[in-house]
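Colleague: Just to be clear, the model below is a prediction. Sequence and coordinates:
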Amino acid sequence: MGKTFVEKILAKRAGKPAVVPGEIVVVKPDFVMSHDNSAAIYGKFKQIGSGRVFDREQVLIILDHCVPAASEKYAKNHQEVRSFVEKFNIPNFFDINTGVCHQVVIEKGFARPGRLIVGSDSHTVSYGAVGAFSAGIGRSEAAAIWATGEIWLKVPSTLKVVLNGTPKPGVTAKDLMLYLIGKIGADGALYKAVEFTGEAVSRMTVADRIVFANMTVEMGGKNGYFAPDKTTFDYLKARGIDQSGYEVILPDSDADYEQVLDIDAASISPQVAKPHTVDNVSPVAEVAGTKIHQALIGTCTNGRIEDLRAAAAVLKGRKVAKSVRLLVFPASMEIYMQAMKEGLFETIIEAGGIVMNPGCGPCLGAHEGILAPGEVCISTANRNFKGRMGCKTASVYLASPETVAASAIAGEICAAEALK
Amino acid sequence: MKIFKYGDDVNTDVIFPGKYTYTISDPEEMAKHALEDLDPDFVKTVQPGDIIVAGKNFGCGSSREQAATCIKYSGVAAVIAKSFSRIFFRNCINSGLLAVECPEAADKITKESSVAIDRENNRIQVDGEWIDFPPIPEAVRYIIDGGGLIPFLRKKFSEKES
């Protein structure tokens, strides 16, 4: 019997001929990623008392969660991170002018096929979009890797998701992924690795694949994976990384999957996740007409140039409803520059939107667009939990950039195709 | 001992809201906000030795370790659930909060139940009946025996030096 991707990469990295699901292995990750929480990790690192960073090349820090600092506390937090970086001479550090960590890890080429990356952020799963193994860990574990270079991982069983058919026009990766999460539930892939495959996948851009990999954690998955193909290789090549810079690890054709799930992409319409869980999913049409106060386009899920182009295409020549604040956060400074060059900001601003700096923004309720009691936001983010955007009596709907842009125009939840 | 019983998919945003993640660093202070957006009465009534019983996928969502830390410092002795989110489960091991995955016990326990946990033998007593739960994997037992990941490593490094 053959092996799945996760079984192959964990065996290789553990120096074993083979591993089986349930087995615990010790591995040395290529990178341990952290963000604003690096200050808290530094605190734990000091408690360990190793006195030195095991491998400073392994440490990857990107400030993005509350940038620029919203208060003295956040400012001191950033200051502490910078002092760690300076003291231990950490080469892979990106300050607040770079972007959302997961986008930066991918666009700067840290994520590559065959790499093993962990991060003290649950959306670290995103890097499977380019064929890496990546998973979220806690702060103590990140501190432990700074000190020892190692971490233990349990080998998960694997769920294979086969996306067949061609999505209808106007149906995006976000709609397909929300549909999948709604179908299998918030624990539908609990403790499991997920491999995304099928003919719909072969036509997807890297940006599309990131949406799936990113949200794998919203169904409980340990990692999400796309087998690297020409699309992946071209993406990396455009970033100056040729095939000598990585090793492609593919699942065996006779691999043993715990479950195989077939999805007919052609049958799916635009979807939303309704308050207050990500698996509370329905077609947009079912909640059309729900009044909104804020619309958010951006985050690690949907802040890429493709998303901004899609949103701008909807906004072009239209006006955001007077009752709505439209906030747009490009996911990185590279995307910001590109969007500026393409004139997308003009379109967004002329429509009445606000272009913010790259960062996580209000997604986790820290700053830059917190909701008031009773308010409703529609967002391209990945979570809509109670209190997520800073107020526990506010409501958050999740949708594609097209649906969010159309809803901002209409002043109520609305699919792009239904916009008058 | 009181029992706090909750449903499925309790996420870490309602256990420890994101707005506090970079503004509160003291574990005792974290405990004052434990379960704030799930059950505002929890911190008012919780006492050392109480237990939390929940459905499937407890601790899903954000990887924030403070979700485990705030429950531990609130005095809760154990969380018993049908299943746990994987990062939360790791955070429990690393921070020394007992997380027991036992669907049968999670179903049977009511707010009035009498509950005892036998860690040595990996079993739990609910109203007089013993129910086994899967042991913590032997390969990571050293973390629990060492009082959590940070204390374990601190000891290891101090021994190296001496």
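Modeller: Nice, thanks for sending it over.

Colleague: hey, where'd the helices end up in chain B?
Modeller: Using DSSP state H, the helices of chain B run over B:12-15, B:27-31, B:42-45, B:66-73, B:86-95, B:103-108, B:141-145, B:149-161.

Colleague: Tell me which residues of stretch B:153-160 come out buried.
Modeller: Using 16 or more other C-beta atoms under 10 Å in any protein chain shown as the burial criterion, the residues of stretch B:153-160 that qualify are B:153, B:154, B:156, B:157. (C-beta placed from N, C-alpha, C; glycine too.)

Colleague: Make TSV out of the helices of chain B and add distance to chain A and mean pLDDT.
Modeller: Compiled in TSV, the helices of chain B are given as follows (distance: least, C-beta to the nearest C-beta, whole Å; pLDDT from 0 to 100):
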stretch	distance to chain A	mean pLDDT
helix B:12-15	4	96
helix B:27-31	11	96
helix B:42-45	14	97
helix B:66-73	8	96
helix B:86-95	4	96
helix B:103-108	12	97
helix B:141-145	9	87
helix B:149-161	5	92
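
Colleague: Residue A:375: which of those helices is closest?
Modeller: For the helices of chain B, the distance to residue A:375 is smallest for helix B:12-15, at 17.0 Å, taking C-beta to C-beta.

Colleague: which strands and helices sit next to that closest one?
Modeller: Counting contacts by 3 or more C-beta pairs under 8 Å, 6 or more residues apart in numbering or on different chains; DSSP states H and E, helix B:12-15 is packed against helix B:66-73.

Colleague: domains for chain A, by residue range?
Modeller: A:7-14+A:23-264, A:272-418 (automatic domain parsing).

Colleague: May I see those organised as JSON lines, with mean neighbour count, mean pLDDT and distance to residue B:82 added?
Modeller: Listed next are the domains of chain A as JSON lines, based on neighbours: other C-beta atoms under 10 Å in any protein chain shown; pLDDT from 0 to 100; distance: least, C-beta to C-beta, whole Å:
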{"stretch": "domain A:7-14+A:23-264", "mean neighbour count": "21", "mean pLDDT": "97", "distance to residue B:82": "9"}
{"stretch": "domain A:272-418", "mean neighbour count": "22", "mean pLDDT": "97", "distance to residue B:82": "16"}
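
Colleague: Redo these as TSV? Include distance to chain B.
Modeller: Output for those, formatted as TSV (distance: least, C-beta to the nearest C-beta, whole Å):
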stretch	distance to chain B
domain A:7-14+A:23-264	4
domain A:272-418	4
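
Colleague: To residue B:135, which of those domains lies closest?
Modeller: Closest among the domains of chain A, using C-beta to C-beta: domain A:7-14+A:23-264, at 12.8 Å.

Colleague: From the chain's centroid, how far away is the closest one?
Modeller: Once both centres are worked out by C-alpha atoms, centre = their mean, to the nearest Å, domain A:7-14+A:23-264 turns out to sit 8 Å from its chain's centre.

Colleague: Same question for stretch B:96-110.
Modeller: That offset, for stretch B:96-110, works out to 10 Å (C-alpha atoms, centre = their mean).

Colleague: What lies in contact with it?
Modeller: B:3, B:5, B:53-56, B:68-69, B:71-72, B:76-84, B:88-89, B:91-93, B:115, B:117, B:119, B:124, B:126-127, B:129, B:131, B:133-134, B:144, B:147-148 (C-beta atoms under 8 Å, 6 or more residues apart in numbering or on different chains).

Colleague: May I have the distance across it, first residue to last?
Modeller: 25 Å (C-alpha to C-alpha, to the nearest Å).

Colleague: List the buried residues in that stretch.
Modeller: Under 16+ other C-beta under 10 Å, the buried positions of stretch B:96-110 are B:96, B:97, B:98, B:99, B:100, B:101, B:102, B:105, B:106, B:108, B:109.

Colleague: In JSON lines, list the helices of chain B along with distance to residue A:70.
Modeller: Converted to JSON lines, those look like this (distance: least, C-beta to C-beta, whole Å):
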{"stretch": "helix B:12-15", "distance to residue A:70": "18"}
{"stretch": "helix B:27-31", "distance to residue A:70": "19"}
{"stretch": "helix B:42-45", "distance to residue A:70": "26"}
{"stretch": "helix B:66-73", "distance to residue A:70": "19"}
{"stretch": "helix B:86-95", "distance to residue A:70": "26"}
{"stretch": "helix B:103-108", "distance to residue A:70": "39"}
{"stretch": "helix B:141-145", "distance to residue A:70": "35"}
{"stretch": "helix B:149-161", "distance to residue A:70": "29"}
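
Colleague: so what's residue B:3 closest to, chain neighbours aside?
Modeller: residue B:111 (5.1 Å; C-beta to C-beta, 6 or more residues apart in numbering or on different chains).

Colleague: count of residues packed around the one you found?
Modeller: Neighbourhood size, residue B:111 [other C-beta atoms under 10 Å in any protein chain shown]: 9.

Colleague: same thing with the one 4 residues further on?
Modeller: One way to gauge burial is a neighbour count; for residue B:115, by other C-beta under 10 Å, it gives 19.

Colleague: Tell me who's in contact with it.
Modeller: B:1, B:3, B:51, B:80, B:105, B:109, B:124, B:125, B:126.

Colleague: Among the buried residues of stretch B:96-110, which pair sits farthest apart?
Modeller: Maximum pairwise distance among the buried residues of stretch B:96-110 (C-beta to C-beta): 26.1 Å, between B:96 and B:108.
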